[in-house]
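**Student:** Have a look at this prediction, sequence included:
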Amino acid sequence: MEETTGFIGKLYKIYAVLLIIIAAGSMALMLDYASKKVVFVTAEEAQAQEEAKQNKGSTKTVNADRSYILEVRSSGTGNAISVSLPSLSAGSAEVSSRPDLKKITVVLNDDRTDYFLNNAPTGDFENIKEVTVSYDGEKTRLEFETLKPYDPVVTTRGNVLNIALNDFKSDKPVVVIDPCYGGSQPGAVAGSTAEKDITLRLAKLVAEKSKDKEYRVLLTRTSDETILTEERLDIVDIMGADYYIALALDSNVDDTKDFGMSAIYNSHYYRNGFENVDFADAVLKNCAVSSVNRAKGLFEADPDDVILMALKMPAVRLKAGTITNNTEVQLLLKDDYLDRIATGIIDAIDVALKR
């Protein structure tokens with residue numbers, strides 16, 4: 001009897017070992033599959049992953065020796081400055097502004113801190129408080145702190161950036177385009193495609209198409225920069241917006257076949273017969289027709305949609321497509337397709353201004 005019990009015990013041990021081996025093999029297969037599969041995540045999950053990746057093992061700090069205040073003397077008038085660069089090839093320099101922080105920044109993709117010691121910007125510095133040059137180990141930043149918010153208009157001549165410091169006050173209607181997310185907030189992510197990048201590309205196309213219009217289009221961000229909700233509201237207020245269009249993407253991790261664009265509006269806003277629902281309908285309809293896409297419909301904003309609920313003007317959030325649909329992602333990555341959506345937005349603004 002004892003021999004039988006001992007034999008059964010050995011069988012149980014062998015069985016347990018086999019189960020462990022099988023489980024380990026299954027886990028390895030699952031991990032291999034997961035590493036090759038395109039994974040869709042929510043905006044919150046993507047943000048948490050981005051922040052974790054940035055913080056993990058990060059030891060990079062700004063070297064104090066690579067940051068200094070640049071001494072410049074005002075020369076000339078016209079509320080404009082010129083920045084000479086070592087080169088000005090495509091993508092070598094990026095100009096962005098934060099009117100809420102009263103800052104204009106020129107970013108170069110390498111270490112050029114020493115260059116500006118001998119090639120300081122020139123122009124009208126009467127309304128510029130301080131100019132700082134810094135290098136963070138990856139990029140050089142030339143930052144202008146201004147005395148009041150400005151709308152910088154950039155033109156180029158050879159290797160020189162000419163930056164006109166224009167006031168935000170305008171006799172034309174102002175349409176603010178707000179590309180959602182940015183910086184450490186990527187939005188919804190599908191593989192290597194982030195919502196923040198597509199919304200910014202689309203916003204820039206809208207701005208480009210508006211140059212000859214009888215209204216002024218301004219962007220809340222022109223670079224990959226983190227802007228918080230309250231900061232966005234401040235920017236919209238400083239810009240003197242008459243109309244507001246936020247650009248976002250939809251996501252549906254439960255149904256990856258979900259396809260199309262939609263629009264969200266604040267149903268509590270009303271202005272002389274032109275309601276937010278009318279503005280949202282014009283934006284969605286024109287974008288869907290222009291891009292030959294499916295309009296999934298108009299939806300009322302939730303009470304916790306801070307921006308749409310706070311704005312007292314025609315305001316809409318356009319979800320220009322569904323990022324969790326592989327077919328639609330491929331469309332959104334094409335410039336000509338985004339160009340058609342931008343045309344639809346311009347057409348919708350034209351309709352709104354005639355009301």
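**Tutor:** That came through fine.

**Student:** how much space between T122 and V95?
**Tutor:** Look at T122 and V95: by C-beta to C-beta, to the nearest Å, they are 16 Å apart. Placement of C-beta: from N, CA and C, glycine included.

**Student:** hang on, I meant D237
**Tutor:** D237 sits 22 Å away from V95, going by C-beta to C-beta.

**Student:** These two - which one has more neighbours?
**Tutor:** Higher neighbour count among D237 and V95: V95, with 17 against 14, using other C-beta atoms under 10 Å.

**Student:** How many residues are close by A320?
**Tutor:** As a burial measure, A320 scores 31 neighbours (other C-beta under 10 Å).

**Student:** and the helix or strand hosting it, which strands flank it?
**Tutor:** Using DSSP states H and E, A320 sits in strand 315-322. Strands that pair with strand 315-322, judged by DSSP bridges, come out as strand 243-250 (parallel), strand 261-265 (antiparallel).

**Student:** the helices in the stretch 151-300 of the chain, which residues?
**Tutor:** Here the stretch 151-300 of the chain has its helices, by DSSP state H, counting those that start in this stretch, at 195-209, 229-238, 276-291.

**Student:** got it, and the stretch 1-150 of the chain?
**Tutor:** So, for the stretch 1-150 of the chain - with DSSP H, counting those that start in this stretch - the helices run 2-36, 43-55, 115-118.

**Student:** Which parts of the protein belong to which domain?
**Tutor:** Annotated domains of the chain cover 64-165, 174-353 [automatic domain parsing].

**Student:** okay, those in JSON lines with mean pLDDT next?
**Tutor:** Converted to JSON lines, these look like this (pLDDT from 0 to 100):
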{"stretch": "domain 64-165", "mean pLDDT": "89"}
{"stretch": "domain 174-353", "mean pLDDT": "94"}
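
**Student:** which of those domains is buried the deepest?
**Tutor:** domain 174-353 (a mean of 19; mean count of other C-beta atoms under 10 Å).

**Student:** now that one, how far from the chain's geometric center?
**Tutor:** Relative to its parent chain, domain 174-353 has a centroid offset of 11 Å by C-alpha atoms, centre = their mean, to the nearest Å.

**Student:** same question, stretch 72-88
**Tutor:** Computed by C-alpha atoms, centre = their mean, the separation of stretch 72-88 from the middle of its chain amounts to 28 Å.

**Student:** Could you measure from the residue nearest to F125 when sequence neighbours are not counted over to N127?
**Tutor:** Distance criterion C-beta to C-beta, 6 or more residues apart in numbering; nearest residue to F125, sequence neighbours excluded, is S74 at 4.0 Å. In this view, S74 and N127 are 9 Å apart by C-beta to C-beta.

**Student:** wait, what's in contact with the residue lying closest to A207 once chain neighbours are set aside?
**Tutor:** Closest residue to A207 apart from its sequence neighbours, by C-beta to C-beta, 6+ apart: V217 at 5.0 Å. V217 makes contact with 174-177, 206-207, 210, 349 under the criterion C-beta atoms under 8 Å, 6 or more residues apart in numbering.

**Student:** which of those lies closest to G137?
**Tutor:** The closest of the contacts of V217 to G137 turns out to be A207 (C-beta to C-beta; 31.4 Å).

**Student:** if I pick that closest one, what's in contact with it?
**Tutor:** Neighbouring residues of A207 by C-beta under 8 Å, 6+ apart: 177, 217-219.

**Student:** Specify which member of those is nearest to A301.
**Tutor:** I177 (17.9 Å).

**Student:** Could you find the closest non-adjacent residue to that closest one?
**Tutor:** A203 (4.7 Å).

**Student:** Might one say that the one you found is in contact with A246?
**Tutor:** No. A203 is not in contact with A246 according to C-beta atoms under 8 Å; the separation is 9.7 Å.

**Student:** overlap in contacts of those two?
**Tutor:** Joint contacts of A203 and A246 (C-beta under 8 Å, 6+ apart) are D178.

**Student:** Could you report the separation of the residue nearest to I177 from G191?
**Tutor:** Separation of A203 from G191 (C-beta to C-beta) stands at 22 Å.

**Student:** Contacts only, for E328.
**Tutor:** 259-260, 321-322.

**Student:** swap the cut-off to 10 Å and go again
**Tutor:** Contacts for E328 (C-beta atoms under 10 Å, 6 or more residues apart in numbering) come out as 190, 249-250, 258-261, 293-294, 320-322, 337.

**Student:** K213 against I345, yeah?
**Tutor:** No. Look at K213 against I345 with C-beta atoms under 10 Å: they stay out of range, at 11.6 Å.

**Student:** Overlap in contacts, these two.
**Tutor:** Overlap of the contact sets of K213 and I345 (by C-beta under 10 Å, 6+ apart) consists of V175.

**Student:** Pull the number of nearby residues for the spatially closest residue to D242 that is not a sequence neighbour.
**Tutor:** Leaving aside its chain neighbours, D242 sits nearest to P173 (4.5 Å; criterion: C-beta to C-beta, 6+ apart). Applying other C-beta under 10 Å, we find 17 other residues in the vicinity of P173.

**Student:** measure P173 to Y244 for me?
**Tutor:** With C-beta to C-beta as the criterion, P173 and Y244 are 12 Å apart.
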